[in-house]
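Colleague: Provided below are the primary sequence and the corresponding predicted coordinates.
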Amino acid sequence: MNLDSDPKNPKMTALASPFLTLRTIRAVIAVLAFAVMLLVEWQRPEFIGRVDEGLRDTFLRLTADPHPEDRLVVIDINETTLKEIGPWPWPRQRVADLTELLLGAYGARAVGLDIVFPEPGDAQGDARMASLAAHAPLTLAQIFDYLPRHPAILQGTLAGGLSGQQGLDGRGSLGAYGYIANHAGLAAGTRCIGNIGYQPDADGVLRHTPTHTRFQGREYLNFASALHACADPLANPPSGNAQGLWRVPYSRALSAYTVISATDILRESAPRDLIQGRYVLVGSSSLSLGDRVSTPLAPLSAGIMVHAASLSGLLDLAEGRAQAPWSGRAWLLVWGVLSIALAIFCIARLPAWGSLLVLLGLAPIWLGQAFAGIARQAEWSVTAPLWAYFFLLVVAVPYEWWQTQRKGRRLLATFSHYVAQPVLDEIVRLDLQYSLKPMLCDVTVLIADMEGYTRATSSLGLEDAATLTKDFLGCLTRPVLGWRGTLDKYTGDGLVAFWGAPLPCSDQADRAVSAALDILTEVAALNARRRHGGFAPLRVRIGIESGPALVGDLGTSFRSTYTAVGDCINFASRLEAAARDLPTQLVIGSAANSQLTQHQTTSLGNITLRGTQTAIEVFTIRREND
């Protein structure tokens, strides 16, 4: 049965236009869910973006590698150092001492100073620093400002940088409005220099750094990339997004990094094997210097640790330990189509709780894939499919529930014309598992008819004839419904009923015979009233037979009815007709007789039914009172 339309309801049929079929509506819901996913993925509203990044941060904290990072070391100018060596700013000679010790006595592979010197210091110290910057693997820092200010911050002398075409190679860059750079004497001969400026996300967490910064037609590398390239000229900077931003991997826990106090370097008490051959980052965790940022790993962390995480990521890429950043959007689209289609398919066939389980099951599966993508720095939205599932939960599930209720109401409305209320209650109790869809069932059919209807009504007026017909059909109907039979149809002055559908019935033959006996009793009572009124008695003929039949809502698009079709119906009709020539009003076929366990029957012998060539044995109830 096509539940998209109801041929008995013109309004419902009108709704079943090609544009409003269930399949079309489900397709529209699926497309809208997919659109929700795309909207979240491409637009990233601030609230959703924060939820996404919060989930990413949680994943990074849970999966951060605690094993020691043995390729780099952090030299910290911490509070203890400032108390023991002296407050900041230090004499330039002391900074030169620290740098020379790291590059010379300790054998560092390369040193990066997360410090900017916009003003000249002592001449000898500046000269030493300038010489180191020009000839040693030393990377200095400069800061770009990404906020438009009036007037713009333009302090010091920019160094490094390439023309736009040379510096980008097709990559994006982030435009800057100002800078704080080293003084001219230090910047002039600097060989390696990197940007330590940053632009935190809207929630204040530093998750990205600019791979390239664009200022006045030139492109400048970030600090970690410049330090890496200073030691390995063949090293390539990471590929940022269209805005020139690179997501810092944060793949290692903060505890994985070796941090040595600058005091231990200046006093040469630090173990050399912790520094020799490693990259060295020099910065400060001192609150007095104010270089603190919020990262996914900690709400407050020294800025130097961001550069350490960036450098670790670059080294991982260079050594093949990590894969290049992956957008992941192609797989996101594939997953969205497949999962939404699966969800729609399941929601259309499962109860509401089952649909909820499907959506709840899809969510963790996606999150597993999403977090696997995060390990590859996929830039997809972690929650985009989840919002699509939520849309299905609030739209598709209620819609399918409404469809189920509508189908149930239609089912009950249809069956209410055919079965007694107890049967209807049982169908409801069984959660409407029995539908109107045609199916093959074993049934027992009862056909009853008034003998001599034309003769009985020929002398009556129209109103009296109608009353007689209604009274007689009442005698037939009440027993059928009383014994939980299904009323198939009225045949003018008779009816067709069956047992075994829509609910299975193990004692269907006995119930049909019981209903037949009650029909005989009711007709006898009707005849008693007719005799009292001076009318001739009526005779009812009943035929009962069992067998397989196709039962369901059958018919055409113009009209359909819940009915049974099969040989057993034809046999029951012929048995009813045969009662005209037999000394009984109730004739039972051999198939029905073989199923009886509660009634005793007697054989009426072998007879040949109308339209057949073979004689069959028929039965009736023993000691029947005609």
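Modeller: The structure has been received and is ready for your questions.
Colleague: residue ranges with poor pLDDT in the stretch 201-350 of the chain?
Modeller: 290 (pLDDT under 70).
Colleague: quick one, helices of it?
Modeller: Along the stretch 201-350 of the chain, the stretches classed as helices by DSSP state H, counting those that start in this stretch are 223-231, 262-266, 303-319, 329-347.
Colleague: Return the list of helices and strands in contact with the second one.
Modeller: In this structure, helix 262-266 makes packing contacts with strand 72-76, helix 79-85, helix 92-103, judged by 3 or more C-beta pairs under 8 Å, 6 or more residues apart in numbering; DSSP states H and E. Quick note: C-beta positions are derived from backbone N, CA and C, even for glycine.
Colleague: Show me what that helix is in contact with.
Modeller: 75-78, 80-81, 84-85, 94, 97-98, 101-102, 106, 270, 282 (C-beta atoms under 8 Å, 6 or more residues apart in numbering).
Colleague: can you do 7 Å?
Modeller: 75-77, 80-81, 84-85, 97-98, 101-102, 270 (C-beta atoms under 7 Å, 6 or more residues apart in numbering).
Colleague: what's the most buried one of the helices of the stretch 201-350 of the chain?
Modeller: helix 223-231 (a mean of 26; mean count of other C-beta atoms under 10 Å).
Colleague: Now do G485, the pLDDT please.
Modeller: Looking at G485, its pLDDT reads 89.
Colleague: Ok, D464 next?
Modeller: pLDDT, D464: 85.
Colleague: Which strand runs longest in the protein?
Modeller: strand 539-555 (DSSP state E).
Colleague: What residues sit buried inside it?
Modeller: Buried residues in strand 539-555, defined by neighbour count with 16 or more other C-beta atoms under 10 Å: 539-547, 549, 551-553.
Colleague: Point out where the stretch 1-150 of the chain drops to low pLDDT.
Modeller: For the stretch 1-150 of the chain, the stretches flagged by pLDDT under 70 are 1-20.
Colleague: Helices of that one, residue ranges please.
Modeller: Using DSSP H, counting those that start in this stretch, helices in the stretch 1-150 of the chain cover 10-15, 22-43, 46-63, 79-85, 92-103, 123-135.
Colleague: For the longest one, which outside residues touch it?
Modeller: Identification of contacts with helix 22-43 by C-beta under 7 Å, 6+ apart yields 4, 48, 329, 332, 336-337, 340-341, 344, 348, 380-381, 383-385, 387-388, 391-392, 395-396, 399, 403.
Colleague: and the contacts of helix 262-266, which are buried?
Modeller: 75-77, 81, 85, 97-98, 101-102, 270.
Colleague: with the residues you listed in mind, which one is nearest to L60?
Modeller: When these are ranked by distance to L60 (C-beta to C-beta), D76 comes first, at 22.6 Å.
Colleague: what ranges do the strands span in the stretch 401-550 of the chain?
Modeller: All strands of the stretch 401-550 of the chain, identified by DSSP state E, counting those that start in this stretch, fall at 439-451, 486-490, 494-499, 539-555.
Colleague: Quick one, which of those gets closest to P325.
Modeller: strand 439-451 (57.3 Å).
Colleague: Which strands border the closest one, and is each parallel or antiparallel?
Modeller: strand 494-499 (antiparallel), strand 539-555 (antiparallel) (DSSP bridges).
Colleague: How about residues contacting the first one?
Modeller: For strand 494-499, the external contacting residues (C-beta under 7 Å, 6+ apart) are 443-450, 473, 476-477, 480, 485-489, 505, 508, 511-512, 564.
Colleague: so how far is that strand from its chain's centroid?
Modeller: Offset of strand 494-499 from its chain centre (C-alpha atoms, centre = their mean, to the nearest Å): 49 Å.
Colleague: now it and strand 486-490, what's the angle there?
Modeller: 160 degrees (axes from the mean of the first three to the mean of the last three C-alpha atoms, to 10 degrees).
Colleague: And the pLDDT at the residue lying farthest from the centre of the chain?
Modeller: Distance from the C-alpha centroid of the chain, by C-alpha atoms, centre = their mean, peaks at G534 (75.7 Å). Looking at G534, its pLDDT is 80.
Colleague: Equivalent analysis for the one 10 residues further on, please.
Modeller: If you check I544, the pLDDT there is 95.
Colleague: Does it touch I588 like I think?
Modeller: Yes - with contacts counted by C-beta atoms under 7 Å, I544 reaches I588, the gap being 4.9 Å.
Colleague: Give me the common contacts of these two.
Modeller: Shared contacts of I544 and I588, counting by C-beta under 7 Å, 6+ apart, come down to V513.
Colleague: Please tell me how far P351 sits from E219.
Modeller: 60 Å (C-beta to C-beta, to the nearest Å).
Colleague: Tell me, please, where in the stretch 401-550 of the chain the pLDDT is lower than the cut-off.
Modeller: In the stretch 401-550 of the chain, residues with pLDDT under 70: 405, 407-436.
Colleague: can you map out the helices along it?
Modeller: Here the stretch 401-550 of the chain has its helices, by DSSP H, counting those that start in this stretch, at 421-429, 453-458, 462-482, 508-532.
Colleague: now those in JSON lines, with distance to L609 and mean neighbour count?
Modeller: Listed next are these as JSON lines, based on distance: least, C-beta to C-beta, whole Å; neighbours: other C-beta atoms under 10 Å:
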{"stretch": "helix 421-429", "distance to L609": "31", "mean neighbour count": "14"}
{"stretch": "helix 453-458", "distance to L609": "21", "mean neighbour count": "14"}
{"stretch": "helix 462-482", "distance to L609": "22", "mean neighbour count": "17"}
{"stretch": "helix 508-532", "distance to L609": "18", "mean neighbour count": "19"}
